[in-house]
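**Student:** sharing a model that was predicted from the sequence below.
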Amino acid sequence: MTGPSAGRSSENETLVVKLGGSVVTEKTERETVDVDALADAARALAAFDGSLVVVHGGGSFGHHHAAEHGVSTDEGTGNAGDALAIHGAMVELNRVVVDALQDEDVPALPVHPLSAASRDSDGDLSLPTAQITGMLDEGFVPVLHGDGVVHAGEGVTVLSGDELVVELAPAVGATRVGVCSTVPGVLDGEDAVVDRIGSFDEVADVLGASDATDVTGGMAGKVRALLELGVPAQIFAPDALDAFVAGESPGTTIETR
Ligand SMILES: Nc1ncnc2c1ncn2[C@@H]1O[C@H](COP(=O)(O)OP(=O)(O)OP(=O)(O)O)[C@@H](O)[C@H]1O
Ligand SMILES: C=C(C)CCOP(=O)(O)O
């Protein structure tokens, strides 16, 4: 692969991109990577010439383990073995994602949230980011993932990639945020893509959980999290990742008015 200084980080855009677990894995097939979809996504991201942070979700890796052990974003486990089962599956997936990016000469490096983040008893997240901004400054692409997180009074709960995106975007000065899932955007009652969402109430009736095993709330959880962001976020399907990277605004725009 090419070194970290090979042409990345010189442009003035900073993107935070989440690759949904439903994109990079076969979400209904336990611990199965969607190799072709991941390679396509890595190729699309490799075309970007600014600063890039990648986050990926759990798909058929983290969610199955979390569901089996009764762990969600607010129900924790005090059992270290259960927490390690969730984290271990996510670390495994993260290595596959980092490798796929490096195969496309993206200078990707892993960042594992369990080792750095924490939640207080109100569920509020603290995530140190000096290692992430440091990686960006050095021309690397940090790759984070949904994970377990130590949670005061709960043991370990689940931290979703969507929540990480919201936490990271201001910390790295993101100019745009993209959330790539398997749907072309938020769909309305007639399955048409909703162009813009400014409040949860506008779409509460059509928002649901995921079709697959998912402990973090599916599309409803995603929209709720992204409405907390200060910059516009796009939700789009993998075939629109190239367009997003090129500066377009595909899918649904989430932006508080
Ligand atoms: N109104 C809606 N519009 C679009 N998708 C919806 C809607 N309501 C529910 N969904 C579901 O939400 C899913 C997307 O959320 P999900 O959390 O599965 O995606 P992801 O982020 O790609 O995966 P992961 O959580 O594993 O990272 C869709 O595949 C669909 O099943
Ligand atoms: C289930 C785990 C551990 C991660 C969930 O992350 P998400 O798929 O981004 O919601």
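**Tutor:** Looks like it arrived, so ask away. Not measured: the values here are computed from a predicted model. Residues are numbered from 1 along each chain as shown. Ligands and ions are numbered 1, 2, ... in the order given.
**Student:** who in this protein is up against ligand 1?
**Tutor:** 20-23, 57-59, 63, 161, 181-183, 186-187, 206-208, 210-211, 214, 216, 218-219, 222 (Cβ under 6 Å from any ligand atom). To be clear about C-beta, it is placed using only N, CA and C from the backbone, and glycine gets the same treatment.
**Student:** poorly predicted segments of this structure, please.
**Tutor:** 1-11, 257 (pLDDT under 70).
**Student:** Lys222 versus the residue of the stretch 51-200 of the chain found nearest ligand 1, what's the distance?
**Tutor:** Nearest residue of the stretch 51-200 of the chain to ligand 1, counting by Cβ to the nearest ligand atom: Gly57, 1.8 Å away. Separation of Gly57 from Lys222 (Cβ to Cβ, to the nearest Å) stands at 9 Å.
**Student:** what sits in contact with each of those two?
**Tutor:** Asp162 (Cβ atoms under 8 Å, 6 or more residues apart in numbering).
**Student:** now the lengthiest helix in the chain: buried residues?
**Tutor:** Secondary structure of the chain per DSSP state H: the longest helix is helix 80-103. Judged by neighbour count using 16 or more other Cβ atoms under 10 Å, the buried positions of helix 80-103 are 82-83, 85-87, 89-91, 93-94, 96-98, 100-102.
**Student:** check stretch 53-73 too.
**Tutor:** Residues of stretch 53-73 classed as buried: 53-66, 69, 71-73 (neighbour count, 16+ other Cβ under 10 Å).
**Student:** before we move on, what about stretch 175-195?
**Tutor:** 175-187, 193-194.
**Student:** which helix or strand contains the residue of the chain most remote from its centre?
**Tutor:** Farthest-out residue of the chain from its mean C-alpha position, per Cα atoms, centre = their mean: Glu190, at 27.0 Å. If you go by DSSP states H and E, Glu190 is not part of any helix or strand.
**Student:** with adjacent residues omitted, what lies nearest to the residue of the stretch 1-150 of the chain found nearest ligand 2?
**Tutor:** Taking Cβ to the nearest ligand atom as the measure, the stretch 1-150 of the chain has Gly146 as its residue closest to ligand 2, at 2.1 Å. Using Cβ to Cβ, 6 or more residues apart in numbering and skipping the chain neighbours, the partner closest in space to Gly146 is Gly161 (4.1 Å).
**Student:** for the closest residue to Val53 other than its chain neighbours, what are its contacts?
**Tutor:** Nearest residue to Val53, sequence neighbours excluded (Cβ to Cβ, 6+ apart): Val16, at 4.7 Å. Going by Cβ under 8 Å, 6+ apart, Val16 touches 53, 55, 165, 168-169, 172, 174, 176-178.
**Student:** Leu207 too?
**Tutor:** 186, 200, 219-220, 223.
**Student:** quick check on those: which are buried?
**Tutor:** Buried among those (16+ other Cβ under 10 Å): 186, 219-220, 223.
**Student:** which members of the residues you listed are the farthest-apart pair?
**Tutor:** The largest separation in the buried ones among the contacts of Leu207, counting by Cβ to Cβ, is between Val186 and Ala220 at 9.7 Å.
**Student:** buried ones in stretch 247-257?
**Tutor:** So for stretch 247-257, counting by 16+ other Cβ under 10 Å, buried means 249-255.
**Student:** taking those one by one, which sit in strands?
**Tutor:** Among these, DSSP state E puts 252-254 in strands.
**Student:** thinking again about what came up before, what sits against the residue nearest to Gly146?
**Tutor:** Per Cβ under 8 Å, 6+ apart, neighbours of Gly161: 18, 20-21, 55-58, 144-146.
**Student:** and what of Gly178?
**Tutor:** By Cβ under 8 Å, 6+ apart, the neighbours of Gly178 are 15-18, 233-234, 236, 241, 244-245.
**Student:** please redo it, this time with the cut-off set to 10 Å
**Tutor:** Going by Cβ atoms under 10 Å, 6 or more residues apart in numbering, Gly178 touches 15-19, 45, 165, 232-236, 240-241, 243-245, 249-251.
**Student:** is it correct that Ala83 is in contact with Gly155?
**Tutor:** Yes - counting by Cβ atoms under 10 Å, Ala83 does reach Gly155; the two are 7.2 Å apart.
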